[in-house]
Every structure is written in structure tokens, then in C-alpha cells.
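K.L.:
heads up, no residue letters with this:
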Ligand SMILES: NC(=O)C1=CN([C@@H]2O[C@H](COP(=O)(O)OP(=O)(O)OC[C@H]3O[C@@H](n4cnc5c(N)ncnc54)[C@H](OP(=O)(O)O)[C@@H]3O)[C@@H](O)[C@H]2O)C=CC1
Ligand SMILES: Cc1cn([C@H]2C[C@H](O)[C@@H](COP(=O)(O)OP(=O)(O)O[C@H]3O[C@@H](C)C(=O)[C@@H](O)[C@H]3O)O2)c(=O)[nH]c1=O
């Protein structure tokens, strides 16, 4: 099983590169190998390497900046995934793509199934949603993992932001009315590889699958858990979204129903608290070495 990953230096791609690939190999490509802003690069890379499976972990993930840089967000989140899906389909490769809880508007009070109505509030979510549709149109057997609130010891994420802010602050105001599920990049990588192996052996599942850490929390509760795990003293004041102004609007409730992925691929919902312990340990060990 030969896997080609796009997004080499991103959180999920880095986690993928740390996992063992039984009976196979994994090659990751970054911006220097294939700049995805240039049409045709993704297709050329897939045709040249002829993998069994393509995993797209590249994206434009700067949610606020995407409001301004719409062309780049569309190129990365819509056009490049569509091109990859078509090229993968053409050479007979499986395709696994990642999407986001920000395709929802967050107004539902229920757990969101894969069929729940979408209505992105921001450009990042909108470009990811069209990406989902185009991927499935180009490659009907593709798998799209919709995940959320990704954290790891690499790149940019909320855990690293909180620990960075704690260096010169002893109090933070954090939104408490946005509820979702933090998801460790390592858990996403293991889920994607388990699905890749099953699809490679001919397992039938395809389409959109929700995959999110549990239990559901607010960003404020997540921040409390981060400081508690890292043994950092910090006063967290819960605030409503209205009091934290950002260029891009964010959805309130994005608690995802993850039953389908367990039913079709036997992938259980991970407990983010275990992932947080691992990631805080990794960050503290990196810091003690620097
Ligand atoms: N982060 C999150 O909280 C969430 C992420 N997701 C989805 O999961 C997936 C992975 O996210 P995550 O690992 O956090 O993403 P990251 O932002 O950590 O990584 C994205 C990668 O895309 C690469 N990239 C950006 N522009 C280009 C370009 N022009 N050409 C080639 N590569 C480029 C970046 O490269 P470089 O390092 O060179 O900039 C980076 O390595 C994405 O699809 C994202 O939408 C879903 C829900 C939540
Ligand atoms: C730094 C900070 C953030 N916040 C709020 C802002 C926002 O509502 C929430 C999270 O902030 P961030 O900007 O770090 O997270 P954000 O970039 O919105 O994270 C999203 O990224 C994309 C890629 C996804 O796909 C989503 O699933 C989600 O993970 O916390 C505070 O309330 N206080 C603070 O001091």
C-alpha cells in the first residue's frame, strides 16, 4: 500500500509521517515539491508517483485571513482537492480528504450527522464545503473525514496559542458558547491510515464521515483543560462570542455524530483528553531541549 500525502509540514501530515505503514510506504509532499496554488501540480505529482492511496492534508487553514485571501483559500480548499480527486480516480487510486466542522452554521442544538444541513459562516468553511462536493463528484469512492479543533505539538493550534499566551499573561478571556470537539492530529492520522488499509483491501465505505474527539467542550473549557494538563496557573474568564470580535464568524455548536465511521470502518471516537496529555508532554519535552 503506497500512500502519497499532500501538506507535508501541516499538523495532520506530520502526524501521518510518524505512524507506521504496515506493508507499504508513505511519501509526503510539501509546497516546495508541489505548490498547490499552481493548477496542474497536484495532478502531475499523482500521475508521476502512481500511489495506491492519496491523502490530502494540505489546506488553507487561517480562518480569519481567508476572509481577505479568498482566491488562495479557494485554490487550496476547493480547486486543488478537486484536481487531486480526479487524478486519483483516473489512475485507480483511493482518495482520502479532510474537511471541517466549519461547514456548519452551529445553530442546531443536536449532534450533527453527515446529512445535517450545511451553511458555512465564513470563507474558510465555504471553500471547504465546495471542495467536499467537487471531490465526491470527481471520485465517488473517495472518503472525506470532517474533523474539528485539531491540535498537536506541530504548527499552529489552540493548545500552542494558549501555552504561548500563558508565558506573559495570568488571565485570559475565552469564548464559552462555542461548543465542539478537540481532535488530536495523531488520532486523525491513525483513523485515516486504518481507513486507507481497509479501502486498500476492498472495503466498501465512501462519502463523508465525521471524526471528532469527545467529550464535547467549549473553547473556555478546553483552555482550562490545557492549563490543568500543563500545570500552568491561569485565570480563564468565560465570555460570549459577541465579546471576542474576529474577522471570520465561527459556529456555536459543532458537536458531530461519529457513529457512521465506527459502523463502516470500526474507527471509534477518540477521547481528546488522552491526546492532550500526549501533546502537552511532547511540547514540554521539546521546550526542555531548546
Ligand atoms: N486545523 C484545524 O483545526 C482543522 C483542520 N481541518 C482540516 O484538516 C486538514 C489538515 O489540517 P492541519 O493539519 O491543521 O493544517 P495545517 O494548516 O497544519 O497544514 C496545512 C498544510 O497545507 C500546506 N499548504 C498551504 N498552502 C500550500 C500551497 N500553496 N502548496 C502546498 N501546500 C500548501 C501548508 O504548507 P506550509 O507548511 O508550507 O504552509 C501546510 O503544511 C485540512 O484539510 C483542514 O482544513 C479540519 C478541522 C479542523
Ligand atoms: C486566542 C483566543 C481565542 N479565542 C477564541 C476565538 C475562537 O472563537 C476560538 C478558537 O480560536 P482559534 O482562532 O484558535 O481557532 P480557529 O482558527 O477558529 O480553529 C478552527 O480552525 C479551523 C482550521 C477548523 O477547521 C476548525 O475546526 C477550528 O479548529 O477561541 C478566545 O476567546 N480568546 C483568546 O484569547
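P.N.:
Nice, I can see it. Because the structure is predicted, anything quoted here is derived from the model rather than measured. Numbers count the residues shown, from 1 in each chain. Ligands and ions are numbered 1, 2, ... in the order given.

K.L.:
give me the contact list for the host helix or strand of residue 135.
P.N.:
Residue 135 belongs to helix 123-138 when assigned by DSSP states H and E. Helix 123-138 has contacts (Cβ atoms under 8 Å, 6 or more residues apart in numbering) with 59-63, 66-67, 70, 73-74, 76-78, 81-82, 84-86, 89, 95, 97, 99-100, 102-104, 118, 120, 142, 144, 146, 207-208, 248, 251. Every C-beta, even on glycine, is put in place using the N, C-alpha and C of the backbone.

K.L.:
again, 6 Å this time
P.N.:
63, 66-67, 70, 73-74, 77-78, 81-82, 85-86, 89, 97, 99-100, 102-103, 118, 120, 142, 144 (Cβ atoms under 6 Å, 6 or more residues apart in numbering).

K.L.:
can you check stretch 272-281 too?
P.N.:
152-153, 159, 182, 184, 187, 213, 229-230.

K.L.:
10 Å - rerun?
P.N.:
149, 151-154, 157, 159-160, 163, 181-188, 212-217, 222, 225-232, 271 (Cβ atoms under 10 Å, 6 or more residues apart in numbering).

K.L.:
now the element after the helix holding residue 135, going C-ward?
P.N.:
Counting by DSSP H and E, what follows helix 123-138 is strand 143-147.

K.L.:
how many other residues sit next to the closest residue to residue 113 other than its chain neighbours?
P.N.:
Here the nearest residue to residue 113 in space, its sequence neighbours aside, is residue 257; by Cβ to Cβ, 6 or more residues apart in numbering that works out to 4.5 Å. Residue 257: 16 surrounding residues under other Cβ atoms under 10 Å.

K.L.:
from residue 232, how far out is the most far-flung residue of the chain relative to its centre?
P.N.:
Farthest-out residue of the chain from its mean C-alpha position, per Cα atoms, centre = their mean: residue 170, at 29.8 Å. Distance, residue 170 to residue 232, using Cβ to Cβ, to the nearest Å: 10 Å.

K.L.:
quick one, strands of the protein?
P.N.:
2-6, 25-29, 53-56, 94-100, 143-147, 150-151, 171-175, 179-180, 183-184, 207-210, 217-218, 235-239 (DSSP state E).

K.L.:
wait, isn't residue 106 in contact with residue 175?
P.N.:
No: with contact defined as Cβ atoms under 10 Å, residue 106 does not count as touching residue 175 (11.8 Å).

K.L.:
need the overlap of contacts for the two.
P.N.:
241, 250, 252.

K.L.:
go through the residues you listed and flag which are in helices.
P.N.:
Per DSSP state H, helices hold no members of the shared contacts of residue 106 and residue 175.

K.L.:
and residue 106 and residue 175? which has more neighbours close in?
P.N.:
residue 106 (23 against 20).
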